[in-house]
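Student: Sequence plus predicted model, see below.
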Amino acid sequence: MDQEMLAAAHHELATAQSMLTFEDHRRVPLSSHVTAARVHISAARIHWLRSFASMPHAVIPYLPGMQSLVSQHLPQSDPCRAAAQTVTPETLRNAEGGAQELFKILTAVELAYGAALRERLRAASFARIVLRVALFLFILAAGVVALTIKWPNSVPLCFNPPPTEAGSTAPYTIVCPVGSNNNPAGKELDADFAGVSSWGDYLVVEVAGLLAAGLAAASALRNMRGTATPYQVPVALAALKLPAGALTAVLGLLLMRGGFVPGLSSLDSSAQIIAWAIIFGYAQELFTQYVDKRGQKVLDAVRGPSGPPLGDGAPAAAQAANPPP
């Protein structure tokens with residue numbers, strides 16, 4: 001029986017090594033390969049520990065590490081965790097009940113490995129979702145620019161403030177992100193907008209919002225703690241801010257043009273329009289901050305040797321992200 005467990009452990013380790021030896025196959029290295037390898041390594045450890053069934057006292061040197069693993073990943077209400085805490089070196093030395101004590105600790109360790117895997121899978125799933133949403137927003141922002149190239153005068157990002165020059169006969173001036181006209185014909189506002197607006201207006205506004213969102217993303221990373229997992233949650237959160245900034249810049253200016261913000265519906269220069277685009281691009285933090293908080297909760301939920309165990313003084317965020325089963 002011991003030899004069978006050792007052979008099974010050797011097979012699991014060989015499988016894990018084959019998944020991480022990318023020189024032997026053409027698969028692209030992905031975090032999923034690391035996760036799968038961890039599953040096989042955990043299974044190898046379980047098989048190896050089971051090989052001590054005939055001599056349970058041999059696992060006494062590893063008992064503190066196993067109990068620590070159980071405390072990190074199983075909540076206090078879990079009966080397997082409570083049973084594992086009752087295992088001591090003395091009970092493992094017991095000739096009659098040592099095998100049963102070993103079975104209790106191994107059951108808890110196996111459950112702890114499963115809980116740890118679920119924590120990492122949640123982090124991987126969250127990162128994938130955020131990256132897909134970020135990609136969708138990038139496509140949407142690019143689509144807005146493409147539509148304005150085809151129909152540059154459909155929804156112009158232009159304003160018509162009162163004339164600033166003394167003696168001007170025009171009732172208003174036309175100001176767009178990349179152009180202006182201080183003496184329009186004044187016969188029809190839409191026709192005057194069409195004469196000044198261009199497809200580059202939306203592009204300039206989106207680039208300004210994108211740059212502002214990039215600064216916001218760099219600033220937000222100072223509060224984001226890293227992780228030892230192969231899942232790039234902080235990178236996904238930063239990527240989400242970029243297209244969000246481009247779109248909020250456009251939407252903010254459209255709201256201003258529609259008079260949604262009293263007193264700010266008549267910007268009188270292209271520089272002011274771009275400045276407000278930068279402000280609206282940075283303002284995407286109002287929406288993405290909730291995703292940032294959720295991302296930090298996901299990272300806090302991936303516990304390890306450096307993190308607090310669940311139920312033993314762990315942060316409320318970590319416990320909320322991993323409620324007891």
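Tutor: Looks like it arrived, so ask away.

Student: if I pick L215, what's in contact with it?
Tutor: Y282 (Cβ atoms under 8 Å, 6 or more residues apart in numbering). Where you see a C-beta, it was placed from the backbone N, CA and C, and this is true even at glycine.

Student: so Y282 makes contact with G214?
Tutor: No: the criterion here is Cβ atoms under 8 Å, and Y282 misses it with G214 at 9.7 Å.

Student: Which one's more surrounded, those two?
Tutor: Neighbours were counted for Y282 and for G214 using other Cβ atoms under 10 Å; Y282 has more, 21 against 16.

Student: Name the residues of stretch 128-135 that are buried.
Tutor: Across stretch 128-135, burial judged by 16 or more other Cβ atoms under 10 Å covers 130-131, 133-134.

Student: do you know how far L147 is from K187?
Tutor: Here the criterion is Cβ to Cβ, to the nearest Å. By it, L147 lies 27 Å from K187.

Student: Tell me which of the two has more neighbours.
Tutor: Using other Cβ under 10 Å as the criterion, L147 and K187 rank with L147 on top: 14 against 8.

Student: give me the low-pLDDT residue ranges for the stretch 101-250 of the chain?
Tutor: Residues of the stretch 101-250 of the chain that meet the criterion pLDDT under 70 lie in 164-170, 186, 223-231.

Student: ok, now with 80
Tutor: 161-172, 182-190, 192-193, 220-232 (pLDDT under 80).

Student: what are the ranges of the helices in it?
Tutor: Ranges of helices in the stretch 101-250 of the chain, per DSSP state H, counting those that start in this stretch, are 189-196, 200-220, 233-257.

Student: Out of those, which gets nearest to R45?
Tutor: helix 233-257 (26.6 Å; Cβ to Cβ).

Student: Would you tell me what the next helix or strand after that closest one is?
Tutor: As assigned by DSSP states H and E, the chain's next helix or strand after helix 233-257 is helix 270-282.

Student: Report the rounded mean pLDDT for the helix or strand following that next one.
Tutor: Next in sequence after helix 270-282, counting helices and strands by DSSP H and E, comes helix 285-301. For helix 285-301, the mean per-residue pLDDT is 85.

Student: Could you check the angle helix 285-301 makes with helix 200-220?
Tutor: Calculated by axes from the mean of the first three to the mean of the last three Cα atoms, to 10 degrees, helix 285-301 forms an angle of 40 degrees with helix 200-220.

Student: neighbours around L111, how many?
Tutor: L111: 18 neighbours (other Cβ under 10 Å).

Student: correction: L203
Tutor: 17.

Student: Can you give me the neighbour number for the closest residue in space to it that isn't next to it in sequence?
Tutor: Excluding the flanking residues, the one nearest L203 by Cβ to Cβ, 6 or more residues apart in numbering is V145, at 5.3 Å. Residues near V145, counting by other Cβ under 10 Å, number 18.

Student: The stretch 1-150 of the chain: strands as residue ranges?
Tutor: Using DSSP state E, counting those that start in this stretch, no strands are found in the stretch 1-150 of the chain.

Student: got a list of what the closest residue in space to E12 that isn't next to it in sequence touches?
Tutor: Excluding its sequence neighbours, the residue lying closest to E12 (Cβ to Cβ, 6+ apart) is A44, at 3.7 Å. A44 sits next to 8-10, 12-13, 16 when contact means Cβ under 8 Å, 6+ apart.

Student: Next up, the contacts around the nearest residue to A9 once chain neighbours are set aside.
Tutor: Leaving aside its sequence neighbours, A9 sits nearest to H47 (Cβ to Cβ, 6+ apart; 3.8 Å). Counting by Cβ under 8 Å, 6+ apart, H47 touches 5-6, 8-9, 12.

Student: now swap in R81 and tell me
Tutor: So, once contact is read as Cβ under 8 Å, 6+ apart, R81 ends up touching 70-71, 74-75, 108.

Student: now, among those, which is nearest to Q296?
Tutor: Set against Q296, the nearest of the contacts of R81 by Cβ to Cβ is P75 (20.6 Å).

Student: The closest one: how many residues sit nearby?
Tutor: Neighbours of P75 (other Cβ under 10 Å): 18.

Student: State the distance from the closest residue to A8 other than its chain neighbours to L255.
Tutor: Nearest residue to A8 in three dimensions, chain neighbours excluded: H47, at 4.3 Å (Cβ to Cβ, 6+ apart). For H47, the distance to L255 (Cβ to Cβ) stands at 62 Å.

Student: pLDDT score assigned to H25?
Tutor: Value for H25, per-residue pLDDT: 59.

Student: Nearest to the spatial middle of this structure, which residue is it?
Tutor: V233 (3.7 Å; Cα atoms, centre = their mean).

Student: Would you agree that one is in contact with A123?
Tutor: Yes: counting by Cβ under 8 Å, V233 touches A123, with 6.0 Å between them.

Student: Please identify the nearest residue in space to L267, excluding sequence neighbours.
Tutor: The nearest residue in space to L267 (Cβ to Cβ, 6+ apart) is F159, at 4.7 Å.
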